[in-house]
Every structure is written in C-alpha cells, then in structure tokens.
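S.K.: Pasted the sequence and its predicted model underneath.
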Amino acid sequence: MNLALDNRALLPLTPSPEELHVRESVRRIVTSFGPRYARECFDAGIAPSKLWAALASHGFAGVNISEEWGGGGMGLSMLQAVIEETTASGGPALMFVVSSGIAGSVLERHGTPEQKERWLRGVAAGTMKMAFAITETDAGTNAHNMRTELRRDGDGYLLSGQKTFISGVEDAGAVLVVAKFRHPDGELGAPCLAIVDVDAPGFTRTPIAVQYMWPDRHWTLHFDDVLVESDRLIGGEESGFGPLFDGLNPERVAIAAVANGVARLALEKAVAYANGRQVWKTPIGAHQAVQHPLAKAKVELELARLMTQKAAALYDAGDPAAAEASNIAKYAAADAATHAVDAAIQTHGGNGLTLEYGVSDMYWLARLLRIAPINAEMVLNFVAQHSLGLPRSY
C-alpha cells in the first residue's frame, strides 16, 4: 500500500477493507497459539518459530516488500498494522522489526538485483530471517563512535569488532552488520552494511541475561576476522548513513507499532478486569480513580497510533519528513505503552504482578521501548535540533 499521490503522502483516517482483513487474519493466527505462547517459548528456551512460520505462510513476513521480490507490495503502512496486531494479540513481533522492517527495507532500496534475488526473496517469504547489529558498548546511540571495522582482504573483506544487545540472532540465518570501512592508511571511514551468516567462521556470540520481555534472546556478538565476500556488502565499501537510515526509520516505526500493540493489550486486560472486579457495590471500573488513568492511556495510545501511521505513510512516499515523524512516533508510542501497562498493573492490584493475569509480562518490554532502539532523550535532541532549529546539544 504505497500511499503516495503526486509525491504526497496520504493518510486515510479509516482502515481500508484490505487492512481490516489483514488485521483480522493476523489476530486469528496469533490467538490460535494461546495467550501464553510467548511466555512458554521463553520458559522452554526456544524461539517463537512456529508462530512466525504460520504468519509467514500467509504472506505477512513480506507484506511491506514489493511484489517483484515476492512480497505483498503494501509498504511500511501495512507492516506496522501487522506488527501492532501481532503484539496486541499477545504474540512476539521482533522478526517483523529486524528482518522485515530493517533488513527488508535496506535490501529493497539499496541491494543489487543479485542481492535481492539471493536474500530479499527469502526475507519476503519469511524463510530467511535476518537480525540487525549496530549497537556497541562504547558507542551507545552514537554511530560515529562505532569501532567494528571492515577492511579489504584480497577479493573480499575481514570483519572485526563487537556488537551488544543484539536480539533474535538464535532464530536468524544471517545478521545485517553495521561496520566502518578501514582505509589502507588506517583511517576509519563511513559506515557500511554487510550480511554475515550466523555460522560464519570467527563469528561467535554470548548471551545477555535480562528480564523477560519476549521469547527472543539478546546477545553480545564477536567478530574475529570474519570473511565477508564482496557481494555481501550493501551499497559498497562506504555506503554511508543514507542506506543505514533507510533501515532505522522503518525500525522506529516498527518499534512504535510494537508499543502500540502492547498498550492495546494492556488496556484490553485492564478494562476486562475493571468491569469484572467488584469489591464494594459496583465494579472497580466505575470509580474515577480507576477510570481516569485508563482513559488517559487510551488518549495517549490513539495519538501515538496516528503518528505511527503518519510516519509509515511518509516513508512509503519517500518523503524526507519520515525521519522526524518516525522519531516522534517511537517516542509517543513508547510513552503510551509504559503508561498503559503501569495503569493496567495498578488496576489489577496484586493480581497485576502474577503470571496468571499476564499483565506484568508486558512491563519490561514496554519499559525497554523507552530506551531502545533509540532512547527518549536522543529523540528529544533530534526534535530540538532538526525540528525546532535549536543548537546541537551534543
């Protein structure tokens, strides 16, 4: 669904019949796995591969990728709807973010025909799952400080360095790695993007122990002179920040969609509990002290959803304003999710902390989204500098 018309992005305020059908289909598939599927996968130490396979078999893994390469041709606008519905139905959506959203977008916009044939078709079909690695311990959100490097070695390249807090590698066939090109004179140049198989010699990983957020695990990746063939570079030796941000803007929209889904699920649980729980003469949902936090969370959620849809429409139209909108959408949705989950836990009282009700399972994921993939403070820095024209603060 490319919403461009005469180079303008159009944002419909009511969902199309096609979108309603997609949402209904996604919800039906996800709910068929039961409300505890994600937690059960986590407890068993397995990836949610069965749910992914079910969604991919219906074409949802590549819904944003063009039909030419086996996708649905409906753009980021439909992918964010799929992600939101998956999460709102209680399902994990990480691979939609990193494989469909980031890797798929980068490959489609900057891959060669041969690279698209080799990898993008698989991403669109869901048979090739690709993780994404940019974060480094000493760089944080400052991509300029990355030290993972790619240097020439004969007809190919050698990749060296380390990435941390990389998710879903255990369920991926390859990782899209962001590195810096090392010139022959020793200077580090612009960023470049390389596809590395997870079983490549010299590529190892160490798990990071974290709170439950979703079934997918988190890793520190180690690259010890990993051989990268020249046809695995997307955009060349120094592709720069252009291709990178063509993956990061969809990432922000996709993460916003995850947050919106979390907020919807939290409010759904809270409302059901508030309507059914009676302590005095009426259900607790009749009391304003319970109503108002939930109503406020609903207002924040709808504003965040609207901004997420706007950002996706701008990206699909190729509008540069997508960068601003994507950052704002991610900021708003992460806040909305955090507030909705907190209100849901408060509504449930002590039951909000039990595994039985499944509300607390959403807390750490919602809280993470205010930190990653870009923290709230860096979004505010972006808005201050690029939207308001204030001096750079860092």
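M.R.: Alright, I've got the coordinates. This structure is a prediction, so every number in the text was calculated from the model and none was measured. Residues are numbered from 1 along each chain as shown.
S.K.: ok so Arg109 is a strand residue?
M.R.: No: looking at Arg109 with DSSP: H, G, I helix; E, B strand; the rest coil, it is helix, so not inside a strand.
S.K.: Run through the residues that contact the closest residue in space to it that isn't next to it in sequence.
M.R.: Distance criterion C-beta to C-beta, 6 or more residues apart in numbering; nearest residue to Arg109, sequence neighbours excluded, is Asp246 at 4.9 Å. C-beta: built from backbone N, CA, C; applies to glycine. Taking C-beta atoms under 8 Å, 6 or more residues apart in numbering, we find Asp246 in contact with 105-106, 109-110.
S.K.: Filter those down to just the buried residues.
M.R.: Among these, those that count as buried by neighbour count (16 or more other C-beta atoms under 10 Å) are 105-106, 110.
S.K.: which residues of this protein score low on pLDDT?
M.R.: 1-7, 140-141 (pLDDT under 70).
S.K.: how close does the residue nearest to Arg109 get to Lys50?
M.R.: Asp246 sits 31 Å away from Lys50, going by C-beta to C-beta, to the nearest Å.
S.K.: ditto for Asn275
M.R.: The value you get for Asn275 to Lys50, if C-beta to C-beta is used, is 33 Å.
S.K.: And Leu248, by the same measure?
M.R.: 30 Å.
S.K.: With neighbour numbers in mind, choose between those two.
M.R.: Between Leu248 and Lys50, counting by other C-beta atoms under 10 Å, Leu248 is the more crowded of the two (24 against 12).
S.K.: Turn the buried ones among the contacts of Asp246 into JSON lines, including distance to Asn260.
M.R.: Below are these laid out as JSON lines (distance: C-beta to C-beta, whole Å):
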{"residue": "Ser105", "distance to Asn260": "19"}
{"residue": "Val106", "distance to Asn260": "23"}
{"residue": "His110", "distance to Asn260": "28"}
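S.K.: Just the endpoints, please. Distance across stretch 371-389?
M.R.: End-to-end distance for stretch 371-389: 24 Å, by C-alpha to C-alpha, to the nearest Å.
S.K.: In that stretch, which residues are buried?
M.R.: Judged by neighbour count (16+ other C-beta under 10 Å), stretch 371-389 contains these buried residues: 373-375, 379, 381-382.
S.K.: From the residues you listed, pick the one nearest Ile345.
M.R.: Among the buried residues of stretch 371-389, Asn375 lies closest to Ile345 (C-beta to C-beta), at 22.7 Å.
S.K.: And that closest one, how far from Gln162?
M.R.: In terms of C-beta to C-beta, Asn375 sits 21 Å off from Gln162.
S.K.: and what of Lys330?
M.R.: 26 Å.
S.K.: out of the two, which sits in the busier spot?
M.R.: Set Lys330 next to Gln162 and count neighbours by other C-beta under 10 Å: Lys330 wins out with 31 against 16.
S.K.: Please, which helix or strand holds that one?
M.R.: helix 322-348 (DSSP states H and E).
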